[in-house]
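[1] Okay, predicted coordinates and the sequence, questions at the end:
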2 protein chains.
Amino acid sequence: MLKLCRQYLNWIQNSVFEGEVAEVKLKELKVRAKIIMDEETDSLIIFKSRNKSWLDKEVVGNERAKLDNFL
Amino acid sequence: MLKLCRQYLNWIQNSVFEGEVAEVKLKELKVRAKIIMDEETDSLIIFKSRNKSWLDKEVVGNERAKLDNFL
């Protein structure tokens, strides 16, 4: 799931990803996630905002996202 | 950290929480999180939206949030 999500989004923390993705690509991600997940026990929760300015992001502590390229 | 965050928000998945919280309460959460976290290695990432309608939520798979009350 990590590998799959990283094909579409940036990994920011543990099981959390963020990014800008086209609606059709998001649909593709959901289809592919359903194939590898156990729908009875696993979940993929998607928060979407149509406009970047509608969502503020703030990091307390170490901004690990910067390391993503090295992982 | 889990216990602390659950005092302010609903636990929805692993290290992910969501909820409506007053600005002053969020400030309090950040101060308390800093006390218990190692700021060199840990991080608390906050996504804020001022308006509920600006953020869509979608769940693929099992909506574990429903179980939160039992945990």
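    Looks like it came in fine. Numbers count the residues shown, from 1 in each chain, chains lettered A, B, ... in the order given.

[2] Which positions within the lengthiest helix in chain A qualify as buried?
    The residue-count maximum for a helix in chain A (DSSP state H) belongs to helix A:23-36. Using 16 or more other CB atoms under 10 Å in any protein chain shown as the test for burial, helix A:23-36 gives A:26, A:29, A:33. Bear in mind the C-beta positions are built from the backbone N, C-alpha and C, glycine included.

[3] Show me which residues of chain A sit near chain B.
    Counting by CB under 8 Å from any CB of the partner chain, chain A comes close to chain B at A:12-16, A:18, A:30, A:33-34, A:37-51, A:54-64.

[4] Any of these buried? List them.
    Among these, those scoring as buried are A:12-13, A:15-16, A:18, A:33, A:37, A:42-45, A:55, A:60-62, A:64 (criterion: 16+ other CB under 10 Å).

[5] Just the ones in strands from those, please.
    Among those, the members found in strands (DSSP state E) are A:12-13, A:16, A:18, A:43-45, A:60-61.
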